[in-house]
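Asker: predicted model, plus sequence, below.
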Amino acid sequence: MLRSLRIDNLVLIREAELELAPGLNAITGETGAGKTILAQAIGLLLGARGDASFIGPGADEAYVEAELDLPDGLLDEEGLEGLGDLRPEDESGLVVARRIFADGRTRAYAWGRSAAREDMAGAAERLIAMSGQFEQRRLARPAYQLDVLDGFAGDEQLRRRTEARLAWRELSAARGRHEELTAGAETERARLDELRTLVEETADLEPGAEEDLRAERARLRHVTELAAGASAARQALAPDEGEGAAGLAALAERSVAPLERLAPELERAANELRDVELRLRETASDLASFLASLEAEPGRVEHVEAELDRIADAKRRFRCATYDELLARAAEARAELDAIDSGLDPLAAAAAALEAAELRMGSLAGELSAVRAESAPRFAEAVAEELRGVGMGEGEFRVELTEVEPGPTGTDRATFLVRPNAGLPFAPVAETASGGELSRIALAIAAVGGGETIVFDEIDAGIGGRTANDVGRTLSRLAERAQVITITHLPQIASLAERHFRVEKIPGDPTHTRIERLDDDERREELQRMLGGREFISALQD
């Protein structure tokens, strides 16, 4: 989910920070108050272009930042590997940001580190679905439509997708090896030389070594700070000259000990002083040992840095994204070299491996296709039912499956087709609808297929009355399975939200927009305003 959204100096919003709820979040306000700026902020994180006109009055730059939950495996997906290198250790979430400078330049960030705008937007787009032009672009992507259909089919289908992606990688690698072997003896010799180099340069690398070295480096980089603190503590306890805490404890004990015979109640104090002195001297000894260990390896940090550089160089040279992949490649190379030493024909082995990989991928693609063919009519009927519920006419919806060249998701292309008005032909959803219609189609699809975080900016365009109630109930039902953020004018929708924010234009020089979370009383007042105000409501009641 989208945990928080921070906005600084974007158009009329000077400063805002929204802590969003997991379910349904509503954002309301008068027309012209600046609700659309929130949509612009999220759009920037999804890769929309920005320029100097986005910067608020009197400011030098505009800034938007979002913190999101990070699903396991997201950064392993194709196209997002670059972000994985920027991720800090022990960071469980994803923090993306966009800054717009006075000269119109923009810069993207992930976890506060500069990132390619495409990488940032690619990650955000996988986690946030947004209506309008972004939803049109998203729904136009066959890959997204196939994702939704497979998600509807269930966890077993998603498991097959994961297996198919891995099988496709293995197939691509097998094809590459086979092509290299058939390219000529010279290429084969060069490849075998690379395998031998890979095996030799990774022979002493153990699983987990890179992580251990990174942890040790972090500790060694603070060796001066550690030594200063430990030395100061030892001097305070047992200095080389003069009395420290241990000596003072001993002095106190010697002062009290002779008095025990005169005042037996002092025995406890004497015993505790003796115990304190002993523990202080033991602690001073431990600190001295710690200091000695720091001084024993003065060149250790250089050694650790050199080892990490060696590992990084090996990953780069042998085209491995991670340390574990490097070790896996080395193991494969070792097995292949052992087979060659045993007299196995490399080309025959590569051909056999290619055939096995093709069979594996073909089998998974067939399973994926069979499940899609069975799920598509059920999915289409469920979406059609939702469309009728949100006022989209007869709600005619279809899923068209066509066969394409094999790829990591199999051999299918999914196309969502809709007919919003009777008598018209079916057409792709991204080409047929616009504005509020597209938002409601996206809502119907999400209500059936699910999602992560879904932002609606035009869901209430052109609707009211019973249809508004139906849209509100659908949003509420969707919010049980996904995070929903809706910018709305309709009280029927806003009244169902778990968290409600109001956007308000504040007159001044310059005029600016304020965004605040509403408590129960403030929310009641806002809903009354949306209904026409107290006087209007009273007139209706009369």
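Answerer: The structure has been received and is ready for your questions. Remember, it's a predicted structure, so these values are computed and weren't measured experimentally. Residues are numbered from 1 along each chain as shown.
Asker: which helix or strand contains the nearest residue to Glu277 once chain neighbours are set aside?
Answerer: Using Cβ to Cβ, 6 or more residues apart in numbering and skipping the chain neighbours, the partner closest in space to Glu277 is Ala249 (4.1 Å). Placement of C-beta: from N, CA and C, glycine included. In this assignment (DSSP states H and E), Ala249 forms part of helix 245-256.
Asker: go on, Leu327?
Answerer: Per DSSP H and E: helix 323-341 holds Leu327.
Asker: how about the helices of the stretch 201-350 of the chain, start to end?
Answerer: 209-220, 223-237, 245-256, 267-296, 300-317, 323-341, 346-389 (DSSP state H, counting those that start in this stretch).
Asker: any chance of JSON lines for these, columns distance to Leu475 and mean pLDDT?
Answerer: As requested, those are exported to JSON lines (distance: least, Cβ to Cβ, whole Å; pLDDT from 0 to 100):
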{"stretch": "helix 209-220", "distance to Leu475": "44", "mean pLDDT": "81"}
{"stretch": "helix 223-237", "distance to Leu475": "53", "mean pLDDT": "71"}
{"stretch": "helix 245-256", "distance to Leu475": "65", "mean pLDDT": "74"}
{"stretch": "helix 267-296", "distance to Leu475": "59", "mean pLDDT": "76"}
{"stretch": "helix 300-317", "distance to Leu475": "46", "mean pLDDT": "84"}
{"stretch": "helix 323-341", "distance to Leu475": "42", "mean pLDDT": "84"}
{"stretch": "helix 346-389", "distance to Leu475": "11", "mean pLDDT": "89"}
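Asker: contacts for the helix holding Leu327, please.
Answerer: Identification of contacts with helix 323-341 by Cβ atoms under 8 Å, 6 or more residues apart in numbering yields 192, 195-196, 198-199, 202, 205, 207, 209-211, 311, 314-315, 318, 320, 346, 349.
Asker: list the buried residues of stretch 413-428.
Answerer: Buried positions in stretch 413-428, judged by neighbour count with 16 or more other Cβ atoms under 10 Å: Arg413, Ala414, Thr415, Phe416, Leu417, Val418, Arg419, Pro420, Pro428.
Asker: how about the residue nearest to Glu277, what does it touch?
Answerer: Taking Cβ under 8 Å, 6+ apart, one finds Leu273, Val276, Glu277, Leu280 in contact with Ala249.
Asker: which one of those residues sits closest to Glu170?
Answerer: Leu280 (62.4 Å; Cβ to Cβ).
Asker: buried residues, the host helix or strand of Leu83. List them.
Answerer: For Leu83, the host element (DSSP H and E) is helix 81-86. Residues Gly82, Leu83, Gly84, Leu86 are the ones in helix 81-86 that count as buried (16+ other Cβ under 10 Å).
Asker: quick check: the last one touching Ala115?
Answerer: Yes. Using Cβ atoms under 8 Å, Leu86 is in contact with Ala115, at 6.0 Å.
Asker: on that earlier part again, and of the buried residues of stretch 413-428, the nearest to Gly407?
Answerer: Arg413 (9.7 Å).
Asker: where does that closest one sit: helix, strand or coil?
Answerer: strand (DSSP: H, G, I helix; E, B strand; the rest coil).
Asker: OK, contacts around it?
Answerer: Pro142, Leu146, Leu401, Thr402, Glu403, Val404 are the contacts of Arg413 under Cβ under 8 Å, 6+ apart.
Asker: can you say which of these are buried?
Answerer: Pro142, Leu146, Leu401.
Asker: could the residues you listed go into a markdown table alongside distance to Glu77, pLDDT and secondary structure?
Answerer: Output for these, formatted as a markdown table (distance: Cβ to Cβ, whole Å; pLDDT from 0 to 100; DSSP: H, G, I helix; E, B strand; the rest coil):
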| residue | distance to Glu77 | pLDDT | secondary structure |
| --- | --- | --- | --- |
| Pro142 | 17 | 79 | helix |
| Leu146 | 14 | 90 | helix |
| Leu401 | 23 | 93 | strand |
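Asker: returning to what we had before: put the buried members of the contacts of helix 323-341 into a ChimeraX selection.
Answerer: Of the contacts of helix 323-341, the buried ones go into a single ChimeraX selection, burial set by 16+ other Cβ under 10 Å:
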select :192,195,198,199,202,205,210,311,314,315,318,320,346,349
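Asker: partner strands of the following helix or strand past the helix holding Leu83, parallel or antiparallel?
Answerer: For helix 81-86, the following helix or strand on the C-terminal side (DSSP H and E) is strand 93-101. Within its sheet, strand 93-101 is paired with strand 61-69 (antiparallel), strand 106-110 (antiparallel), according to DSSP bridges.
Asker: convert the C-alpha atoms of the longest one to CSV, please.
Answerer: Put plainly, it is strand 61-69. Extracted in CSV, the C-alpha atoms of strand 61-69 (Å, rounded to 0.1, in the frame of the first residue of the first chain):
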residue,chain,number,x,y,z
GLU,A,61,11.8,23.8,-6.4
ALA,A,62,9.0,21.3,-6.0
TYR,A,63,9.3,18.0,-4.3
VAL,A,64,7.0,14.9,-4.1
GLU,A,65,7.8,11.7,-2.1
ALA,A,66,5.9,8.5,-1.4
GLU,A,67,6.6,5.6,0.9
LEU,A,68,5.2,2.3,-0.3
ASP,A,69,5.2,-1.3,0.9
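Asker: run the chain-centre distance for that strand.
Answerer: 13 Å (Cα atoms, centre = their mean, to the nearest Å).
Asker: related to what we said a few turns ago, out of the contacts of Arg413, who's nearest Ile485?
Answerer: Nearest to Ile485 among the contacts of Arg413, with distances taken as Cβ to Cβ, is Leu146, at 25.3 Å.
Asker: in the sheet, who's paired with the nearest residue to that closest one once chain neighbours are set aside?
Answerer: Nearest non-adjacent residue to Leu146, counting by Cβ to Cβ, 6+ apart: Ala414, 4.4 Å away. Beta-bridge partners for Ala414, by DSSP bridges, are Leu401.
Asker: ok, now Val96?
Answerer: Ala66, Ala110.
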